[in-house]
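*Asks:* quick one, fold the following:
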Amino acid sequence: MKGGRSKAETKRTDAKLSVKKRGAGAEKAGKKPAKKAKATKDPNKPKRPASAFFVFMEEFRKQYKEKHPNNKSVAAVGKAGGDKWKSLSEADKAPYVARAEKRKTEYNKNLEAYNKKIAEGPADDEESDKSRSEVNDDEEDEEEGSGEEEEDDD
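*Replies:* Numbers count the residues shown, from 1 in each chain. Here you go, the predicted structure:
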């Protein structure tokens, strides 16, 4: 057999190319574990304050829209704002930094108040505990009542 393979060579090559089959348990073990569900965010939690750049961008967007009313691109506004921010000196950035610091102190106060409120626990839980005990009391009353009814029938 010129140019052909012998049966022994074919078996060795096929063995190398063949895919090993795993059992059902081994297949699952190789997979990544499922992602955990994200915890739901509390809508009452205070939002983080804007940085000095974003305080600057609030003002810059208004100015940019006045100069370029036909521009609908958010990316163009962001790019122009970023370029402008980079070109500002530290003295020019100072008012935006001061406003950002003020927002940050307000945020910290609000966050402390929020954390205290969470630590105390919501009042709704206390009411639900009362309702649970009332439900349990009702079940106990029914059990006692059923025994008394049998005695009354005699």
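*Asks:* how much space separates the residue nearest to residue 44 when sequence neighbours are not counted from residue 54?
*Replies:* Leaving aside its sequence neighbours, residue 44 sits nearest to residue 114 (Cβ to Cβ, 6 or more residues apart in numbering; 6.9 Å). Glycine gets a C-beta too; all of them are placed from N, C-alpha and C. With the distance defined as Cβ to Cβ, to the nearest Å, residue 114 ends up 22 Å from residue 54.
*Asks:* could you say which helix or strand holds the residue nearest to residue 44?
*Replies:* helix 90-120 (DSSP states H and E).
*Asks:* which of the residues in that helix are buried?
*Replies:* 93, 96, 99-100, 103 (16 or more other Cβ atoms under 10 Å).
*Asks:* show me which of those residues is closest to residue 42.
*Replies:* Closest to residue 42 out of the buried residues of helix 90-120 is residue 103 (20.1 Å), distances taken as Cβ to Cβ.
*Asks:* low-confidence regions, the protein specifically.
*Replies:* 1-33, 122-154 (pLDDT under 70).
*Asks:* one more pass at 50, please.
*Replies:* For the chain, the stretches with pLDDT under 50 are 125-129, 154.
*Asks:* so which elements touch the helix or strand hosting residue 79?
*Replies:* For residue 79, the host element (DSSP H and E) is helix 74-87. Counting contacts by 3 or more Cβ pairs under 8 Å, 6 or more residues apart in numbering; DSSP states H and E, helix 74-87 packs against helix 52-67.
*Asks:* how about the CA coordinates for the helix it packs on, as PDB?
*Replies:* Output in PDB follows, covering the C-alpha atoms of helix 52-67 (Å, rounded to 0.1, in the frame of the first residue of the first chain):
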ATOM      1  CA  ALA A  52     -16.000  66.900  40.500                       C
ATOM      2  CA  PHE A  53     -15.900  65.900  36.800                       C
ATOM      3  CA  PHE A  54     -19.600  65.000  36.800                       C
ATOM      4  CA  VAL A  55     -20.500  68.300  38.600                       C
ATOM      5  CA  PHE A  56     -18.500  70.000  35.800                       C
ATOM      6  CA  MET A  57     -20.300  68.000  33.100                       C
ATOM      7  CA  GLU A  58     -23.800  69.100  34.400                       C
ATOM      8  CA  GLU A  59     -22.900  72.700  33.700                       C
ATOM      9  CA  PHE A  60     -20.900  71.900  30.500                       C
ATOM     10  CA  ARG A  61     -23.800  69.900  28.900                       C
ATOM     11  CA  LYS A  62     -26.100  73.000  29.200                       C
ATOM     12  CA  GLN A  63     -23.400  75.200  27.600                       C
ATOM     13  CA  TYR A  64     -22.700  72.700  24.800                       C
ATOM     14  CA  LYS A  65     -26.400  72.300  23.900                       C
ATOM     15  CA  GLU A  66     -26.700  76.100  23.600                       C
ATOM     16  CA  LYS A  67     -23.700  76.300  21.200                       C
END
